[in-house]
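S.K.: here is my input; please provide its structure:
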Amino acid sequence: MVVAIKKPDIYHGTNSATYLYVPLTDLNTTSIQPVVNFDNSALGSDAWFVAKGPSTGQGTNYKGGPLQYRRLSWSGTNAQWVDNSWLVLPEPQPTYLDYFDLDGPVIFAPNLGGSNRLDLQITGSRLRTPMIRNNVLWVCQHVGLAGTGGSYSGNETGTNVDRSAVQWLKLQLNSTGTPLTHIAHGRIYDTAASLPYYYYMPSLMVNTNGDMVIGFSGSKTKEYVGAFYVGRLADGTTSGSPTLVQAGRAIFIGGNQWGDYSYTCLDPVGNTTFWTVQEYAEDPANDFGAYWGTWVAKIKH
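M.R.: Got it, this is the predicted structure:
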């Protein structure tokens, strides 16, 4: 269900809302994400929502789920869907779907200490921090891979998944009734042949120039969970391998679930400074018994 509320109503104290239901026949997902629009949109412009559809593949579903979206428009005091149904993002060769969908069988990310691994199925490959800048929609997720080639080939059990990656997508907004258009996508992953990093829980932000910063967590068999980021300029130049901004300090023993906290934003003053807020594994002896900490990093290009 989506709840739509007009800002002027909030200011005037009326707080009227429209409740829009999305039947599973329209969209089979448990995570609909509202898109934050940073453009100077006209009053009454459409609002966007995105989601990852159910995974695909023979037998038990396991390959990447198609990206889906919908627009909301206002008619007087009522909100309504612009499109009659959710539309599947078209692309002649949808290589962004060539991954192991972490909504499927449980995949665990390792961290130093061995026995207490992190369950990536809990958050799955749902879309994260969708945003619009310069009429372009950006979004990210974490996905499962096999081998050093940056893709997935294997069966539905996921037994050969040996790393996770952060994937980002750049999509062109078009007029009402016209599908979104794929511009670019990329994956941040470790190319090591053995004992690679698993990267997960991403968040991204883009400035008015089209430069992007994406922050996320990472760990491997011989390293605690730390906080990382990667920068990408509008021309496609990247900062290279992920930069570690805070190393983990102890094994995370707070349970199998990691994350839910990842945020990257643009500094309100200027256009070249980003901030990313990420979790890392903390030593309980140093932080009042907590098994995780929060690190805030300032990134300037």
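S.K.: output the lowest mean pLDDT helix or strand found in this structure.
M.R.: When each helix and strand of the chain is scored by mean pLDDT, DSSP states H and E, strand 87-88 comes last, with a mean of 73.
S.K.: now the very next helix or strand once past it, how far from the chain's geometric center?
M.R.: Counting by DSSP states H and E, the next helix or strand C-terminal to strand 87-88 is strand 108-109. Mean C-alpha position of strand 108-109 versus that of the full chain (C-alpha atoms, centre = their mean, to the nearest Å) differs by 17 Å.
S.K.: other residues contacting strand 108-109?
M.R.: Contact partners of strand 108-109, identified using C-beta atoms under 8 Å, 6 or more residues apart in numbering, comprise 117-120, 164, 198, 200, 219, 256, 258. Placement of C-beta: from N, CA and C, glycine included.
S.K.: most neighbours, which of those?
M.R.: When neighbours are counted by other C-beta atoms under 10 Å, Ser164 leads the contacts of strand 108-109 with 30 neighbours.
S.K.: stretch 130-137: how far from the chain's middle?
M.R.: The chain centroid and the centroid of stretch 130-137 are separated by 14 Å under C-alpha atoms, centre = their mean.
S.K.: what comes up buried for it?
M.R.: Within stretch 130-137, the residues scored as buried using 16 or more other C-beta atoms under 10 Å are 130-133, 136-137.
S.K.: dump it to PDB, keeping only the CA atoms.
M.R.: Presented in PDB, the C-alpha positions along stretch 130-137 are these (Å, rounded to 0.1, in the frame of the first residue of the first chain):
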ATOM      1  CA  PRO A 130      16.300   5.600  -5.400                       C
ATOM      2  CA  MET A 131      16.700   9.300  -6.400                       C
ATOM      3  CA  ILE A 132      16.200  11.600  -9.400                       C
ATOM      4  CA  ARG A 133      18.700  14.200 -10.500                       C
ATOM      5  CA  ASN A 134      18.600  16.000 -13.900                       C
ATOM      6  CA  ASN A 135      15.700  13.900 -15.100                       C
ATOM      7  CA  VAL A 136      17.700  10.700 -14.400                       C
ATOM      8  CA  LEU A 137      16.700   8.000 -11.900                       C
END
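S.K.: contacts only, for Phe38.
M.R.: 131-133 are the contacts of Phe38 under C-beta under 8 Å, 6+ apart.
S.K.: how close does it get to Asp119?
M.R.: Here Phe38 is placed at a distance of 33 Å from Asp119 (C-beta to C-beta, to the nearest Å).
S.K.: sheet partners, orientation included, of the host helix or strand of Phe216?
M.R.: Assigning secondary structure by DSSP H and E places Phe216 in strand 212-220. With DSSP bridges as the test, strand 212-220 is paired with strand 198-206 (antiparallel), strand 223-232 (antiparallel).
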